[in-house]
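[1] Could you look at this predicted model? Sequence included:
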Amino acid sequence: MKIEIIPCLNDNYSYLIFEKETNTVSIVDPSEFNSCDRIVQKYKKLDYILSTHHHFDHVDGNLKLKKKYNSKVLGFDKDKERIPGIDIKLKDNQKFKIGDLEFKVIFVPGHTNGHIAFYFEKEKILFSGDTLFSLGCGKVFEGTHKDMFNSLNKLKSLSPDTKIYCGHEYTKKNYDFCIKYDPENSFLKEKAKLINLKLKDNLPTIPSNLTDELKTNVFLRCNDKGLKQTLNLKDCSDQEIFTKLRDLKDTF
């Protein structure tokens, strides 16, 4: 499984997936046609377009790519009216093969009501869209804070070795927020060095991995006593801590 990271728009990432054995080419969340097509042209084909959710900055390239390469567009059944060009309607927990690669559909509402993530369990690869970011999580637009909290808990249960390919380059700003409310976190301080090195060299900070996220991402650490103490909410539930953090991040 070869993955090419494609920077799009101002801070989006699309991802090309190449499976050599069957010469299958797929793309996740093509934000814009031109940037994605430049990479797809190297392979001279595009079999599948995988959409995590309907926002334009994740699907704007769908129709042009589909038309040029006769690709099949995959999206969540609940979002069939909002995913441009959808051909294959996926359901929660469904398994689907693109060539010899198999992914599982994980329904993760909160950012939108029809958001899904693609989990390649054998390869331990997660395409999380705008649900789980490096050191952050997506804004709650269509769902509820409870939805997003539960969705993140689903992703927390995956293999700790899972690599996370998310939809945006938000890591530095997310770090600034995390360190404000988790200032004594030594893992977080260490991660800052790697983030700064990559950004200095104009490289993506993605992929992250779940082991690091569980140690550093405050939105996955709502049960941490020190974090609750910092927020002066030591007797609150984990979900209440998440809601407070998400509200704080919205105005950060």
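    Received it, and whenever you're ready, just let me know what you need. Residues are numbered from 1 along each chain as shown.
[2] roughly how far out does the lengthiest helix in the chain sit from the chain middle?
    Counting by DSSP state H, the longest helix found in the chain is helix 186-200. Averaging C-alpha positions (Cα atoms, centre = their mean, to the nearest Å) puts helix 186-200 20 Å from its chain's average.
[3] Give me the pLDDT for the nearest residue to residue 208 once chain neighbours are set aside.
    Closest residue to residue 208 apart from its sequence neighbours, by Cβ to Cβ, 6 or more residues apart in numbering: residue 134 at 4.0 Å. C-beta: built from backbone N, CA, C; applies to glycine. According to the prediction, residue 134 has pLDDT 98.
[4] can you list contacts of stretch 204-218?
    5, 7, 13, 126, 132, 134-137, 155-156, 158-166, 169, 171-172, 174, 177-178, 181-182, 185, 187-188, 191, 194-195, 198-199, 220-221, 227, 245 (Cβ atoms under 8 Å, 6 or more residues apart in numbering).
[5] Work out the gap between it and the centre of the chain.
    Worked out by Cα atoms, centre = their mean, stretch 204-218 lies 11 Å from the chain centre.
[6] Could I get the buried residue list for the strand or helix carrying residue 214?
    Secondary-structure assignment from DSSP states H and E places residue 214 in helix 210-216. Neighbour-count burial for helix 210-216 flags 210, 212-213, 216 (criterion: 16 or more other Cβ atoms under 10 Å).
[7] and the residues you listed as a markdown table, adding pLDDT?
    Below are these laid out as a markdown table (pLDDT from 0 to 100):
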| residue | pLDDT |
| --- | --- |
| 210 | 98 |
| 212 | 97 |
| 213 | 98 |
| 216 | 97 |
